[in-house]
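A.B. asks: need a structure here:
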Amino acid sequence: PALLREPVRQIAVAAGIGKTAAADQLLRLERLGLIHRERGVIIDQRALLDRWLSAYAELVRPAWLVGRYRPQARDPEAVERMIEASWSKRSWAYGGTAAAWKMAKFYRGDETVIHVDALPEQALRQLRVVPDRSAGPLTILRTPGTIAYEGTAPRLAHPLLVYTEMMASADPRAREAAAEIRERFLEPLP
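C.D. replies: From the prediction side, this is the model:
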């Protein structure tokens, strides 16, 4: 909501999209009665959240997906240490249950999701991973926009993105943990 009164250019940068796309979406959301930019309010939070969750699963996440990989390490904590050692100077953040565990100590699943702003091939070689489309426990998403990296602590994705990633998961425990993240870290949502 804090961004609603900001210039379209700033909203576009935060979302990682072009100015025209941002302006078009804002106008569409106003016409649908979901937001009021002049007042800086979200009018129908539930409908807006439902649209986001649906769009994330169907359009956004597939567009952001760099790939799924199988690292040499099997233990999620070992995978995290490997990422942190290899990518200390890169822009990235944990998402999904990896971030949720660090935020709430509720559930850590086997999968590690990381969001990156860019991914040169050299970065994958540093991780020593092999592609595994179907069952790779490491998922890398190229996530544009600055707001995605505004987590509750360094190297954690924004709580809404963490929540959304877990809601898109097929893991029922991840969905359960998503409710905890929503309750503790997101503004009261319907």
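
A.B. asks: And what about the spatially most central residue of the chain, helix, strand or coil?
C.D. replies: Closest to where the C-alpha atoms of the chain average out (Cα atoms, centre = their mean) is Leu161, at 3.4 Å. Here Leu161 is helix, with the state taken from DSSP: H, G, I helix; E, B strand; the rest coil.

A.B. asks: measure it to Ala73 for me?
C.D. replies: According to Cβ to Cβ, to the nearest Å, Leu161 stands 25 Å off from Ala73. Heads up, the C-betas are built off the backbone N, CA and C, glycines and all.

A.B. asks: low-confidence ranges in this structure?
C.D. replies: The model of the chain has pLDDT under 70 over residues 188-190.

A.B. asks: CA atoms only: put the helix or strand harbouring Leu26 into CSV for me.
C.D. replies: Using DSSP states H and E, Leu26 sits in helix 19-31. Only the C-alpha atoms of helix 19-31 are listed here, as CSV (Å, rounded to 0.1, in the frame of the first residue of the first chain):
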residue,chain,number,x,y,z
LYS,A,19,6.7,2.0,-16.7
THR,A,20,4.0,1.4,-19.3
ALA,A,21,3.2,-2.0,-17.9
ALA,A,22,3.0,-0.6,-14.3
ALA,A,23,0.8,2.2,-15.4
ASP,A,24,-1.5,-0.2,-17.3
GLN,A,25,-1.8,-2.5,-14.3
LEU,A,26,-2.5,0.3,-11.9
LEU,A,27,-5.2,1.7,-14.1
ARG,A,28,-6.7,-1.8,-14.5
LEU,A,29,-6.7,-2.4,-10.7
GLU,A,30,-8.4,1.0,-10.2
ARG,A,31,-11.0,0.3,-12.7
